[in-house]
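A.B. asks: after the sequence you'll find the predicted model.
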Amino acid sequence: MTLKRPQGPAGTVVTLEHVSRVLADNPLGDPHVRKLSVWLPPQYDQGQQTGGRRFPVLFDLVGFTGSGAAHLNWKPFEDNVAEQAARLVYERRMGPVIIAFPDCFTRLGGNQYINSSAIGRYADYLTRELVPFVDREFRTLASRQHRGCFGKSSGGYGAIIHGMRYPQCWGAIADHSGDCYFDFCYGADWPNTLDELAKYRARPRHAGAVDVRKLEKGAASGQDDGRVRRFLDAFDKRRKLSQAEVHCIMNLCMAATYDPDPRAPNGFRLPFNLETGERIEARWRRWLEHDPINLVRTCRASLKSLQGIFIDCGWRDQYRLHYGARILSKRLAEAGIAHRYEEFDDTHSNIDYRMDVSFPFLYRALKPA
């Protein structure tokens, strides 16, 4: 592998501060004043004095534990997202676009770009605040026909969900290895989370006879018996996180996303019995209501209105997301919804190079006539 060298003009990154009304007083106490970085293509400055050309715009929805600015960081031996877009424009594989990089990080490590009473109204933040803010501040083609979103993992989930639920805002989407088929991608990891949370039980375990029914009191309804709260408090103080802790906070974030309940401890319910590990079917049904494979039929009209749907996944994805991606593609096909589905020989990790495929696809779908 050789050292990367820049190709063509780089464009410009502008960082603005946005004061959000939607995120003010959010339940996690996260900042409502956020930085928004925006990449402007080299062509943006051409003819600026005479009003200037307008451009399609893409919103980058980053994955869990990420923030938009992370996609602008220097990277060894490969492009960051802005450099990638500049290279693709220079190589004439796509035309110029504006790319916005929202900051949607939360105390729970991120969110799924939907509204949650336990996390905040991040769908509204994007569609009601940032989209019009970008249209005001920059020379965008300010209509859904020329606006798209893309992302990987949680960001891929956000992209497909926004295509399903907010078609008035987006004209095309790209879903890279997005969360899908929750029975596989989340259900299989919850035993590890239960083991991590068990370290925060109120009383230590002792060998001997156990009354399981007494032990599980409250846990069968998805209520926190205090261990989740103790884990979250300890997590806030950590200077170095283990992989188990990161996966635990991720599953708790998903619970807060998919099954919020203002009446429950911490503002959300859990889908598994903390003591027995049994799945709580009533709670799990709340999760499945947000699973993209279960939304195709009810969101068929929204999906058919999109000008482009791109989905891909590595067939060695360690979170088994390729199975969900296949089911999603199958259900889209069965519903008569045009889309492009690709697989590739890789895992879930370090696959931003796949935007070399999705960016030109999105540009073709969103470019002016």
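C.D. replies: Perfect, I can see it now.

A.B. asks: select the longest helix from the chain.
C.D. replies: In the chain, with assignment by DSSP state H, the single longest helix is helix 243-258.

A.B. asks: following element in sequence after that one, please.
C.D. replies: The C-terminal neighbour of helix 243-258 among helices and strands, as given by DSSP states H and E, is helix 281-288.

A.B. asks: buried residues in that next one?
C.D. replies: For helix 281-288, a neighbour-count test (16 or more other CB atoms under 10 Å) marks 283-284, 286-288 as buried. No exception for glycine: its C-beta is placed from N, CA and C like everyone else's.

A.B. asks: any weak-confidence spans in the protein?
C.D. replies: Within the chain, the segments meeting pLDDT under 70 span 1-6, 47-51.

A.B. asks: hey, where'd the helices end up in it?
C.D. replies: 81-90, 122-124, 131-137, 154-165, 182-185, 190-198, 212-215, 227-237, 243-258, 281-288, 300-305, 321-334, 355-366.

A.B. asks: out of those, deepest packed?
C.D. replies: A comparison of those by mean neighbour count, using mean count of other CB atoms under 10 Å, puts helix 154-165 on top with a mean of 26.

A.B. asks: can you list the residues that contact that one?
C.D. replies: Contact with helix 154-165 is made by 60-64, 66, 110-114, 123, 126-127, 149-151, 169-170, 173-180, 290, 292, 295-296, 299, 302-303, 306, 309, 311, 328, as judged by CB atoms under 8 Å, 6 or more residues apart in numbering.

A.B. asks: what about those residues, which are in strands?
C.D. replies: Using DSSP state E, the subset of the contacts of helix 154-165 located in strands is 60-61, 149-151, 173-176, 309, 311.

A.B. asks: could I get these as JSON lines with distance to T276?
C.D. replies: Output for the ones in strands among the contacts of helix 154-165, formatted as JSON lines (distance: CB to CB, whole Å):
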{"residue": "D60", "distance to T276": "41"}
{"residue": "L61", "distance to T276": "36"}
{"residue": "C149", "distance to T276": "40"}
{"residue": "F150", "distance to T276": "40"}
{"residue": "G151", "distance to T276": "36"}
{"residue": "I173", "distance to T276": "39"}
{"residue": "A174", "distance to T276": "41"}
{"residue": "D175", "distance to T276": "35"}
{"residue": "H176", "distance to T276": "36"}
{"residue": "I309", "distance to T276": "41"}
{"residue": "I311", "distance to T276": "36"}
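
A.B. asks: which one of these is nearest L332?
C.D. replies: Minimum distance to L332 across the ones in strands among the contacts of helix 154-165 is 7.2 Å, recorded for I309 (CB to CB).

A.B. asks: now the closest one: how far from H162?
C.D. replies: As judged by CB to CB, to the nearest Å, I309 and H162 stand 12 Å apart.

A.B. asks: overlap of the contact sets of the two?
C.D. replies: Shared contacts of I309 and H162 (CB under 8 Å, 6+ apart): I173.

A.B. asks: for the longest helix of the chain, name the packing helices and strands.
C.D. replies: Judged by 3 or more CB pairs under 8 Å, 6 or more residues apart in numbering; DSSP states H and E, helix 243-258 is in contact with helix 190-198, helix 227-237, helix 281-288.

A.B. asks: try it again with 7 Å
C.D. replies: Helices and strands touching helix 243-258, by 3 or more CB pairs under 7 Å, 6 or more residues apart in numbering; DSSP states H and E, are helix 190-198, helix 227-237.

A.B. asks: among those, which is nearest P9?
C.D. replies: Closest to P9 of those, according to CB to CB: helix 227-237, at 43.3 Å.

A.B. asks: name the residues that touch that closest one?
C.D. replies: Residues from elsewhere that reach helix 227-237, judged by CB atoms under 7 Å, 6 or more residues apart in numbering: 197, 200-201, 245, 248-249, 252, 265-266, 274.

A.B. asks: so what's the nearest residue to P96 once chain neighbours are set aside up against?
C.D. replies: Excluding the flanking residues, the one nearest P96 by CB to CB, 6 or more residues apart in numbering is P41, at 3.5 Å. For P41, the contact set (CB under 7 Å, 6+ apart) comprises 11, 55, 89, 96-97.
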